[in-house]
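Undergrad: Got a predicted model here, sequence first, then my questions.
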Amino acid sequence: MTEQLVFADARWLWVLLPLYVIWALLWWLRPRLRQVAAKRDVGGDAAAVAYSSLGHALRTPRSGTLTARWLVSALRLLVVALVLLAVMRPQTGRALTEVSTEGIDIVLVIDTSGSMRALDLDAHERSLSRRRDRLEVAKGVVETFIAARPNDRVGLVVFGEEAFTQCPLTLDHGVAATFLEQLEIGMAGDATAIGSAVGVATKRLKDSDAESKVAILLTDGRSNAGSLSPLRAAEAAAALGVRLYAIGVGTRGQAPFVVETGFGPRVVYQDVEIDEETLRRMADTTGGAYYRAEDEAGLEQIYERIDELEKTEISQESYMEYEERFAWLVAPAVFLLLLEVVLLDTRLRKLP
């Protein structure tokens, strides 16, 4: 909220300002014209009555009292200036903005099964020992996505062999980020129950009053657990107005894994098996879309694309609230005028 000073009747400036300037010039020139007239009288008609010269008196320096009287009289200029400004009705206005948002409810469905240990998404790091697994890469990207949507409620569903709600829908994104950071591989089992995960997300969204309800599924495999099939889960989501975006993560071909052996940790390569056909059909059923991310940069681009597709509607209405401030000018003008009257009628009084 910002404040600004405006004049409601500023048009008076073009009428009053010239008159004020003329009046001020005449006030300033009046004593000088009197001096010129006095000098003319001194050197006037020779036939006039002779009297002593006043030239020395005219050249006498002005006393402090006379200077003070002149300065007090000059207060009238300031008084009139203040009154003229008051006539233009100064006002202070505050710009008020009302913003109403229509947020989106988003449930992030994240795979924490054993296959998320693969080290293929962190491909820019050449050393396998320094690479992050799929889950750690996904957590960083998802956290950025959450931070970019301050007006939306966000929830987390975690799945492996089982599926459960890690964080309910909330506008407190700090809490959501904390729960996200706590995700660990295997916390829901090593298998992949995609249908159950989408079912839990749909249950979380079914009672939502949001205009748009979205579930974003991130997985790196195919469904091999759970009592609810992925396609049935997608149909249920579509029936309840939930739009599903499915993301398959993992390189094409084989991905490196670090496994513990009797001789210490070893790197092995395993085939990447993502059921893209099922994920695509799930997304299409709900009006969403399927994406494939083969590295961290690709995953970031996918979440950015979803962020652009699912925009929060924000309406903004601005208006000004004004308060009259002419009293700020009238009060000092009255005070200065009274001060002038008192001084010129007492200490600085001019005797006949």
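TA: The structure has been received and is ready for your questions. None of these values were measured; they are calculated from a predicted model.
Undergrad: my guess is A215 meets D105, correct?
TA: No: taking contact to mean CB atoms under 8 Å, the distance of 9.5 Å between A215 and D105 leaves them out of contact. All C-beta atoms are positioned from the backbone trio N, CA, C, and that covers glycine.
Undergrad: which neighbours do those two share?
TA: Counting by CB atoms under 8 Å, 6 or more residues apart in numbering, the contacts common to A215 and D105 are L205.
Undergrad: Give me the more crowded residue out of the two.
TA: The residue with more neighbours, out of A215 and D105, is A215; 29 against 21, by other CB atoms under 10 Å.
Undergrad: in which helix or strand would I find that one?
TA: Using DSSP states H and E, the element containing A215 is strand 212-219.
Undergrad: what comes into contact with that strand?
TA: Where contact means CB under 8 Å, 6+ apart, the residues beyond strand 212-219 that reach it are 104-111, 138, 142, 192, 194, 197-198, 201-202, 205, 237, 240-249, 274, 279, 282, 288, 303, 306, 310.
Undergrad: Which neighbouring elements make contact with whatever helix or strand comes next after that strand?
TA: As assigned by DSSP H and E, the chain's next helix or strand after strand 212-219 is helix 230-239. Based on contacts counted as 3 or more CB pairs under 8 Å, 6 or more residues apart in numbering; DSSP states H and E, the elements that helix 230-239 packs against are helix 194-205, strand 242-249, helix 276-286.
Undergrad: Neighbours of V157, how many?
TA: By the criterion of other CB under 10 Å, V157 has 27 neighbours.
Undergrad: on that earlier part again, give me the sheet partners of the strand holding A215 and which way each runs.
TA: Strand 212-219 has its sheet partners listed here by DSSP bridges as strand 104-111 (parallel), strand 242-249 (parallel).
Undergrad: rewinding a little: okay if I get the helices and strands packed on helix 230-239 as JSON lines plus distance to G298 and mean neighbour count?
TA: Putting these into JSON lines (distance: least, CB to CB, whole Å; neighbours: other CB atoms under 10 Å) gives the following:
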{"stretch": "helix 194-205", "distance to G298": "20", "mean neighbour count": "26"}
{"stretch": "strand 242-249", "distance to G298": "9", "mean neighbour count": "26"}
{"stretch": "helix 276-286", "distance to G298": "14", "mean neighbour count": "19"}
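Undergrad: Now render those as JSON lines, adding mean pLDDT.
TA: Formatted as JSON lines, the entries for these read as follows, by pLDDT from 0 to 100:
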{"stretch": "helix 194-205", "mean pLDDT": "96"}
{"stretch": "strand 242-249", "mean pLDDT": "96"}
{"stretch": "helix 276-286", "mean pLDDT": "96"}
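Undergrad: before we move on, back to that, adding distance to T346, write the strands paired with strand 212-219 out as TSV.
TA: As requested, those are arranged in TSV below (distance: least, CB to CB, whole Å):
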stretch	distance to T346
strand 104-111	76
strand 242-249	85
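Undergrad: just so I know, which of those strands lies nearest S129?
TA: For S129, the closest of those is strand 242-249, at 21.2 Å, according to CB to CB.
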